[in-house]
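Q: build me a model:
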Amino acid sequence: MGALVLLTIAIMFFLPKITKKLPAALTAIVIVSALVIGFGLDTKTVGDVASVGGGLPTFSIPMVPFTLETLYIIFPYSLILAGIGLLESLLTLTIVDQLTDTRGRGNQESIAQGAANVIGGFFGTMGGCAMIGQSIINVSSGGRTRLSGITAAVMLLVFILFLSTFIEMVPMAALVGLMFMVAIGTFEWASFKVLRRIPKSDALVMVAVTVLTVIFDLAIAVLIGVIIAALVFAWDSAVRIRARKRVDENGVKHYKIYGPLFFGSTATFLEKFDVTNDPEEVVIDFKESRVVDHSGIETLNKLTGKYQAAGKKLHLRHLSEDCRRLLANAESFVEVNIMEDPHYAVLSDKLS
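A: As a prediction, this is how the structure comes out:
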């Protein structure tokens, strides 16, 4: 079986270098199957693993009680499966776009996949999604249009209904070699070269997602990867907030803020100000900054309260209408400039 696997890999590797008129995957399966059948080699076939024969499905409504208890049982698993399906489909779409130098529509793909799974559920089908392996084989064999996907689906149906006997004769070694080549072609080998040159946080996310995918599943791995990336982004944004200070000819001190003001950067933001030693009039300009969440609003309230208690005048410039509405202690300190003030929403308590 090991020799047949190596033969399959060799055919798929060298045949495209000789000619691209023959699909390498199909050619490898045919040659290895012919060798096994012709010489009567004792090796495991698809039929030894499972039967692929079947018939057309029939419509039926799932025989489960339609209660909240049923929903509580099903929902966690359906959420995980939907996440895995969407992630694999969008990942497949990205890989196919790279191979074909095109741009797919992720929203259209997701809606179509969801609709197909909902309808398929009434016919007793398993949940499905785009398959990286099959898609790469399809594209590598020359498939470029929707017709190639439709042809694959129709032929799969024909094999199940009429040609299952022939499919069950295919050696497992051919399929193993095929999937080895798919894995080799899918893996981003260039990541090893850039692993030492990219930021350590990005390398941590890459390694963590890879390891967690093997331990758990793709959905959990990506979720944890997104959380790690979000925490890293929050930390980077927190330490990058800065203020450029100057005193104009009238003795007014100006603070020009750069970077987002949110829960992670509030402490650093407050450290920029010297309420005791500042002059009687101070201007804080948010033209190059954004107040992202309610923690930022509370920090501004706290800061305006400090200047108010010190008997000093504070002006807040270039705040959005949403920010001005949420500022409770700064109503008389905010300068309104309709022509220059930005328009953006601030995350509420629940979201932040």
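Q: check which helix or strand covers residue 207.
A: Secondary structure from DSSP states H and E places residue 207 in helix 200-215.
Q: the inter-axis angle of the helix or strand following that helix versus helix 200-215?
A: Counting by DSSP H and E, the element after helix 200-215 in chain order, helix or strand, is helix 218-240. Angle of helix 218-240 versus helix 200-215, following axes from the mean of the first three to the mean of the last three C-alpha atoms, to 10 degrees, is 160 degrees.
Q: and the average pLDDT for helix 218-240 is what?
A: Helix 218-240 carries an average pLDDT of 80.
Q: who does the helix or strand just after it pair up with?
A: With elements assigned by DSSP H and E, the helix or strand that comes after helix 218-240 is strand 242-247. Taking DSSP bridges as the criterion, strand 242-247 forms sheet pairs with strand 253-261 (antiparallel).
Q: may I see the buried residues of the helix or strand following the partner strand?
A: Toward the C-terminal end, the helix or strand that comes next after strand 253-261 (DSSP H and E) is helix 266-270. Using 16 or more other C-beta atoms under 10 Å as the test for burial, helix 266-270 gives 266, 268-269. To be clear about C-beta, it is placed using only N, CA and C from the backbone, and glycine gets the same treatment.
Q: of these, which is the nearest to residue 173?
A: Checking the buried residues of helix 266-270 against residue 173 with C-beta to C-beta, the nearest one is residue 268 at 60.3 Å.
Q: identify the residue spatially nearest to the closest one, adjacent ones excluded.
A: Once flanking residues are discounted, residue 268 sits nearest to residue 241: 5.5 Å by C-beta to C-beta, 6 or more residues apart in numbering.
Q: residue 255 is in contact with that neighbour, correct?
A: No: contact between residue 241 and residue 255 fails when scored by C-beta atoms under 8 Å: they sit 11.6 Å apart.
Q: now for the helix holding residue 207, which elements pack on it?
A: Secondary-structure packing of helix 200-215 (3 or more C-beta pairs under 8 Å, 6 or more residues apart in numbering; DSSP states H and E): helix 218-240.
Q: residues near residue 261, how many?
A: Using other C-beta atoms under 10 Å, residue 261 has 25 neighbouring residues.
Q: likewise residue 121?
A: Residue 121 has 14 neighbours, counted by other C-beta under 10 Å.
Q: is it in contact with residue 62, as I believe?
A: Yes: here residue 121 lies in contact with residue 62, judged by C-beta under 8 Å, at a distance of 7.0 Å.
Q: tell me if residue 288 really is in a helix.
A: No: under DSSP: H, G, I helix; E, B strand; the rest coil, residue 288 falls outside any helix and is assigned strand.
Q: identify the bridge partners of it.
A: Beta-bridge partners recorded for residue 288 (DSSP bridges): residue 258.
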